[in-house]
Every structure is written in structure tokens, then in C-alpha cells.
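In: generate coordinates for the sequence data below:
(2 chains)
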Amino acid sequence: MKFGVVIFPGSNCDYDTYWVLKEVFHQETLFLWHKDHDLRGIDCVVLPGGFSYGDYLRSGAIARFSPLMQEVREFAARGGLVLGICNGFQVLLELGLLPGAMLRNKNLKFLCQFVHLKINNAETPFTNQGRPGQVLRIPIAHYDGNFYAPPETMEEIKKNNQIVLQYSTSTGETTEEANVNGSLENIAGLINQQGNVLGMMPHPERASEAVLGSQDGRLIFQSIISWLS
Amino acid sequence: MIDKKTLEEHNLTPEEYQRIVELIGREPNLTELGIFSLMWSEHCSYKSSKIHLKKLPTTGPQVIQGPGENAGVIDLGEDLAAVFKIESHNHPSFIEPYQGAATGVGGILRDIFTMGARPIALLDSLRFGPLDQTANRVIMEGVVSGISGYGNSIGVPTVGGEVYFHPCYSLNPLVNVFCLGLAPKDKIFYARAGRPGNPVLYVGAKTGRDGIHGATMASAEFDENLEKKRPNVQVGDPFKEKLLLEACLEAMAQGLIIGIQDMGAAGLTCSTTEMAAKSGTGIEINLDLVPQREEGMTPYEIMLSESQERMLLVTTEEKVGQVQAIFAKWDLDAVVIGRVIEGKNLKVWFKGELVVDVPVEAVVNLCPVYHRPWKEPTERGQQILKELPSHPSDFNRVFRQLLASPTIADKEWVFRQYDHMVQINTVFLPGADAAVLRIKGTPRALAVTLDGNSAYCYFNPREGGKIAVAEACRNLACVGARPLGVTNCLNFGNPEKPEIMWEFKEVVEGMAEACRNFNLPITGGNVSFYNETEGNPIYPTPVVGVVGLIDDLKKALRPGFQNQGDLIYLLGPWGESLGASLYLREIVGQEKGPAPRVDLHLEKKIQEFCLEAIHQELLHSAHDISEGGLAVCLAECCFHSESFLGARIALPPEPRPDIALFNEDQSRLIVSLSPEKEKTFLQLAETKEIPLTHLGEVTGQAITITQAGQIIIDLSVAEAYQIWKTSLPNFFKIKS
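Out: Predicted structure coming up:
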């Protein structure tokens, strides 16, 4: 399997994601520069975390205009797998590949901490190695992770089972207290209707090695690899 | 030509002005005066501190680069080098907390990557006035937001540090920022100009009017006119700096750079003159070519601007195109603005006129060095505790108060705002004794800590200086790291006052003695004087940053207890003095000495023993005793355990329980170990002649401390944890 990690000006988690894919999962991995026009035959595009364009205007608002995003759009339309992590999720929202938008965290401050996530939909290319209700411990690090969509959109999202990951307690309850940033329906990870584009605010690449405190993030990458095999 | 008022505004004395006239052979014009004003300011020239800083040991087999460059460089072995330094941004953070702190982060980052090292971690030492005053909360909130905003955006994790509260910092907050980077040992870059003819390039953000006279502002006290100083504070753009970082590292990796210097304090002035001075050449630039974001800037403004995110670099003629291509890729300006020239002058052109022509040596190295008079303030030695305070009637209540004291309380409110995980190297999250960062692909790890107790330094600057170094090394020993190098930020009041100069000299001499004892070199650092407002100085505050190496990350230890039934031991003496302790200051309400003394020989023995015990895997936890004494240390060991494990310990009949529990005497650790390892542990302690006491054991879910069978303290871990955890957030709750 060939993975491509896109680098925008201001991406910070590109090297982290590359390290996990290459050194931990031993997958063929390339960097893709945002100004390129060629996805180079990869099987999965990863939009990594960071502060692309300094989060000017809105997080991800400028990155969506990068030349490579045209290819990513077409790749997604053809059914190609796209994973957007944190800022990557924000870019996917701005691109319109996922519905909704991100607001500032409800406490108005940056949050860097471990959270618990409940797998709500275990039948996606990104969660097929897990079970519905399974709890993962993965860290978040963001200012703007408060997911919002208008009521009609939320109806659609729920009808199509697009909520993949939700902030929860350690026993899998999606309580208000567990919802650290205030997202509607505790949404931490969302998939498109087609089922091939996932955006998630938590950072699975930060929870893929025991030495860092949790390996629960491996499930996401393992699911993609399994799906593509 | 230059009148008295102009001289004063430029913070130059008439004697200094005379010297300038002698050195350049004529009177300087206004732009040249501005240049000298910046470069001869305390912040840039170290004129009051140089003679004392010379006493610090700076050499060792592991030192690749000592003081004198943008940062210090230590050999880590296996072809890897650690590049690190600490810097202050105190005065700007008082005037404009967010930008003051943010640009402090930006500045220290540049100091690291200008040497060719990718920054992998930031730590900060913050000092504020008491939080019950709104002004101090506003400053703290702004500073933490600024560090968060800048550090997170540029993708360097802020992994640790300290936050300290004391009234002396109310009008003089301290923001000291430390940065660590890694580089291949043989690819370190310096501020060199190379040969005459080499093109000089300006890269990065455009120049504006922000920060003019920032360095001069940092070299003077505050008075009522401080609102007018707001334009002196630089404004930061972390996105620009991220682009600059990537472009510089890329150009360096491709071997395209001869020399590079960041434009920090004193901007173009400093970078041009320092580069030329280091190479013994001259340098010539044309201001018409400098990218500017404002119109009508004068030579004075352009030379003195401290606009952020700019670097000056030197390359060869043939490589200019390649350098510019890399910077263009990252959407940054990279403009040839001049050349290295024969001779030894800085020549600056503006609209066809030569507006500056001064010898670089005069600007950079010939600032007068001051032997400022020092005098011990006699009253200080008399401010000692003469009579022991009365025994607390309710130790539980005192314990609760200590846990809620902002200096002791949990700092999660702060570090949750920092991305402390980006770059996926952070093994120990903030809160442990030291930050621990893995070195990817190896079994090794780096440990870093910042330390400095200003209360000790106030009462006994010499001991306080020694303790700052000793405590930092002790923190590293607790996680299993061997110290390799030290950087220091020395924050003091007005050096023109003899008692402040005495404090400085004593602290430096104390630090020097401790460094020699631990065989540790100082690789560089920063001095911040004039931390005074309306004549009230801060306490002498040295902040010491120590970098250490852990050979086997798997053996590194955390402070929390691990198992029910583990034995708890105190390493080191019981201690006997409440002088300068937080308990005496905040709970009893008396600010009295004497400061604790440190026996450097004993300290070294205990640290070596701790490292050996960790190496032999005899221990389950280690934590050092500092503010709040043994009681608080024990509580923290319970808080850091996975499931709120409690402890039951017994005090000996002497000393009195308040002294035993709250004294801050030095060279003491609390360790825990499995009963199976006790025999080996005790045998090792005996061979090494380590004083120790079996305190008790990890048990239950309460902190229970007895003496002669009587219960002194008995508090559930859950309740103690709640108090400790919610103290800081409670100060910042939004009140409706």
C-alpha cells in the first residue's frame, strides 16, 4: 500500500504521520507538496495536523485552494481513501468533502490532552478493525474542534451513519462532560456519505507507540491497511 | 550635535558618548547613535555582567560550542548534538503580555535553528505576582496564551517548565523561554561572514516599525510612562517563522550557507555587525533593497527595527540562485542586500548616501565593561527567623492550604494550552520532575528541567545560586538522566545599585561553584537586568536549564507511586530549618531566612546513588523535595500514581512535625521500591554511605502521617487531589 502525506505551508504533524506509517507500519509512504499536481499513484491520501497557513482567516480555509487539492477532490470522487487529521479534517470541511464546520472550543482555549473516543461506526475503511462501542484513548490538540452543522445536515449525518468517533467517558458514554470542546453529538470523527473520506480531530499518530502512552491509534491505520489489502 | 536629551532617550551616558566619539574619530550621526545605543545597551553588551560571567565554567569534553554564539552545543554521542539556550522576554511581557511572550518564543526558536538544529522542545519559567490581583491574572493569561499561540502554531512542543508566584513579580513578571534542538554533530552553522565579496542576503518577513528600541527598553526600569512603550514590543507571526525554519533548514541541508544569524534584539544592526566582527571583515548593505512593509521608513528605523522572523545569511555568489529558489518555494523574501567587504566597517547606504560608517569592532566588542560597585545589604542577613512559629493546631488545614498555593498547585490549566505532544517525542508529559523526550530510533532519551528558587537567592544569593544548579541536576537524577550542560537566565534588578550588583556577583559565584562540583559546563545564556518598577526590584532570580541524557529510556522513572505495598524511603537528611520556605512565607506569614544551605558533596553522592539505583532497576519511583517540603512531595507521589495510591508514613521524634514536614532543606528525595529489592537497595546505600530513612509504605487511599503514634495528617488522596487540581483553574473561572 502506498500512502501520501500532504505538506502545506504550516503543516506540523507531517513528519509525525510519515514516521508512524513508514517506521511503525512499514508502509511505502511519500510526501506530497501542496503545489504539486500529481498524487503519484498512492492508495490513501493523508492530510496531517498543524496550522496550515497559520490558521489565517479560518483553519484550513486557505489550504483548500492549494493546487494539489484539485487532484484530491477527484481522487475522492473516484472512491480513493482520504484521511484528514485535525487541521486535515478542517481542510476537508473547507473543501466541502465533509459536511459542517469547526468552531472555537467551548472553553475558548487550546486543548492538548488525552481523550476517550467511542467507535460509533466500525464498518468504515478507517475503523473496520474495531467493534462498535469500543473505546480508544487518543490525544487531541486544537483550538477549533467544536463541530457544528445545521439541523438538516445533522439529520442527514445521523441517517447515513456518518458519525464514526465520539468523545466519551472511559466506559464509552457520550456525556457532556466528556465532550471537551462542545462538538454537536460529541463528534470527534466524521465520514462522508460515500464512505471513503474521514476527518478526525484526535491524532492517531500520537497514539501508535507504547512509549508515548497509548497504542489505540494504531487501529485507524491498521483498518486502512486491512481495507486496502 | 547630539544633545543631552537625545543621549538620555538613547540610554547612553555622557562618558559612553565620549568613548564612541573617540572610537570612530568623530561625532556619530543620529542613525549611528541609535546603533550604538542598541548594541551598547545592557541587553546586548552585557556591560555590567561580563566581569562576573567570566567566572562560570564553560568547558568540558562534551562542549562543541560554549557561550558566544546564538546557542550552546553539546555532543550527545552517536553523531548527534544538542543545541539549546534560554532567554528572557520580561519587559515586553509586562507591557504586552501576549506578544511579549509570543515573540520571546519566536526569538529563542530562531537562536536554535540558526545553528542548523531543528527545535524539538520548548520549556518556560514564568513568574507572576499573586493571583488574587486582577492585573497579575491578566498578565498570566496573556503570557500563557502568547506562548501557546506561538509554540503550537510553529509545531514545537512546550513540554515543561515552572510557574512561580511572589509579590516581587507583580509589576515585573518574568518570562524565560528555553529551547532545545537536535542537529548532526558535524553540521552546526555559525554566524560567519566568510570572505570579502560574499553576498549578504536578507530572508524572511518584511521590516516594519515594530520593536524599535526594544533592546534599549529591556535595559531600563519601568516608570509611569510605560504605556508609551507599547510600540517597543515586537509583534510575532508564527506561521512566517515556520516557513523560515523550514526554508533555512532546507538551505542548510543542501550546503548552501556559509554563515547565518537571526535578527533578534537590535535586528539588522546586530546581525550585520556581529557577523562581520566574528570574521574580522567589514560589511556593507543598501537599505533601499531591504523588504519593507511600511512606507517612508528612515535608515534609523530600518536599522533599529526588531520586526520578527528575519534572518541574515551569507553565501557565495554561485549559490545565491539556489538559496533564493528554496526561499521562494516557501513564499519568503530572500534578497541580496549587500556584501562582505574589505576593511572592518559597517557601511550602510540609503538613497545613494552613505548614512552609517562605523568600525564593527567598536560596536560589538568595545563597549565599556563596567566594574560596578557591589555591597551586601546588612539588613538582609538580619532578616532571619529568630523564634520558631507556633505549632499549627490543625495540620490537615495547613496541608490543604499548601496544596492550594498557586506555586505548588497543579499546573494543568497552563500546560493543557500548550501542544506538548507534537513531534511525537514526549515520553513524560508535563508535571514530572523533568521533561523526557525520546530520541527516535534509539533506546536513548533527553531530559530537561528549568529551576531556580528566588526566595533562597534573596536571603543568600550564593547558596541560592548553588541550589539552582543542584536542584536542576537532582530533578534529572530523579528521572534517571545524567546532566550534560547548563544554560542560565539571570534575572535581576538595577545593576547600578550596589546591593543588586552584590546579589548578581554572589549568585554567579554560587552557580560557578556548583557547576564545578558537578563537572558541568555553562554553554550560554542570558542576563536580564533592570527588572524593577518605581524602585522596587525583583528578588534575584537565576533560572537554570539543564539538559541530560538517559541511556536507556525503558529505565526512566516517574514520580508517582506504582504499587500497594511498596516501601517509601527518604534519601538525605530530615532537615532542620524553616527559613525561606513557602510554608513560612505563605502559611505562617513571615518572610524570613536563612536560606537552606546545600552540601554539594552530599548532593552529588545522593544524585549518583539515585542514578545507580535506577540503572539497577531497584526503584519504582523517585521525586525530589522542594517547595512545600516532604509533605507536598509525598502528596505529589500519590497524585502521580495511576490510581490515587495512598501512603502511610511515620515521623521520628525529632525534629518537630512542622519542621519535618515543611522544611525545604536540600539534597532530599522520596523514593519507592518493591520489598523484594530492599536488601539490594540498602546494601548499595551502605556502600555509598547514603543517609536514608524508611518512612513507611504505599497503602490505602489516604495520606497518613504520624509521629509517636499520633496522627498528624490524615487526608484522602482524592480530596487532596481535588484541592491541588482545582486551585489554579478557580482563579481563572469566568465570573458572571
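In: just the terminal-to-terminal distance for stretch B:74-87.
Out: End-to-end span of stretch B:74-87 (CA to CA, to the nearest Å): 18 Å.
In: tell me the gap between it and the middle of its chain.
Out: Using CA atoms, centre = their mean, to the nearest Å, the mean C-alpha position of stretch B:74-87 is found 16 Å from that of the whole chain.
In: okay, helices next: where are they in the stretch 101-250 of chain B?
Out: Secondary structure of the stretch 101-250 of chain B (DSSP state H, counting those that start in this stretch): helices at B:134-154, B:214-217, B:238-253.
In: can you give me the buried ones in the longest one?
Out: With burial defined by 16 or more other CB atoms under 10 Å in any protein chain shown, the residues of helix B:134-154 counted as buried are B:136-137, B:139-154. In short, each C-beta sits where N, CA and C put it, glycine included.
In: can you narrow those residues down to the ones near chain A?
Out: Under the cut-off given by CB under 8 Å from any CB of the partner chain, chain A has B:145, B:148-149, B:152-154 from the buried residues of helix B:134-154 close to it.
In: farthest pair in those residues?
Out: B:Ser145 and B:Ile154 (15.0 Å; CB to CB).
In: can you count the residues close to residue 16?
Out: All of this refers to chain A. 24 (other CB atoms under 10 Å in any protein chain shown).
In: wait, chain B
Out: 18.
In: same question for A:Tyr148.
Out: A:Tyr148, neighbours per other CB under 10 Å, totals 14.
In: quick revisit: any chance of JSON lines for the ones next to chain A among the buried residues of helix B:134-154, columns pLDDT?
Out: Formatted as JSON lines, those follow (pLDDT from 0 to 100):
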{"residue": "B:Ser145", "pLDDT": "97"}
{"residue": "B:Ser148", "pLDDT": "97"}
{"residue": "B:Gly149", "pLDDT": "96"}
{"residue": "B:Asn152", "pLDDT": "97"}
{"residue": "B:Ser153", "pLDDT": "96"}
{"residue": "B:Ile154", "pLDDT": "96"}
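In: can you count the residues close to B:Glu301?
Out: 18.
In: ignore the last one, A:Thr169
Out: Neighbours around A:Thr169, by other CB under 10 Å: 13.
In: cool, B:Val356 as well?
Out: 25.
In: got a list of what it touches?
Out: B:29, B:31-32, B:35, B:299, B:303, B:346-348 (CB atoms under 8 Å, 6 or more residues apart in numbering or on different chains).
In: mind redoing it with 10 Å?
Out: B:28-29, B:31-32, B:34-35, B:269, B:272, B:284-285, B:287, B:299-300, B:303, B:345-350, B:363 (CB atoms under 10 Å, 6 or more residues apart in numbering or on different chains).
In: likewise B:Glu471?
Out: B:433, B:449, B:451-453, B:456, B:514, B:544, B:546, B:598, B:603, B:624-626, B:666-667.
In: picking up where we left off before, pick the one among the ones next to chain A among the buried residues of helix B:134-154 closest to B:Phe644.
Out: Out of these, the member with the shortest distance to B:Phe644 (by CB to CB) is B:Ser148, at 29.0 Å.
In: hmm, the closest one is touching B:Trp413, no?
Out: No. The pair B:Ser148 and B:Trp413 fails to qualify as a contact (CB atoms under 10 Å) at a distance of 11.6 Å.
In: which residues do the two both contact?
Out: A:Lys109.
In: among the contacts of B:Glu471, which are in strands?
Out: B:449, B:451, B:544, B:546, B:624 (DSSP state E).
In: same list (those residues) but as JSON lines, adding distance to chain A and neighbour count.
Out: Converted to JSON lines, those look like this (distance: CB to the nearest CB, whole Å; neighbours: other CB atoms under 10 Å in any protein chain shown):
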{"residue": "B:Thr449", "distance to chain A": "20", "neighbour count": "29"}
{"residue": "B:Asp451", "distance to chain A": "23", "neighbour count": "26"}
{"residue": "B:Val544", "distance to chain A": "26", "neighbour count": "30"}
{"residue": "B:Val546", "distance to chain A": "23", "neighbour count": "29"}
{"residue": "B:Asp624", "distance to chain A": "23", "neighbour count": "28"}
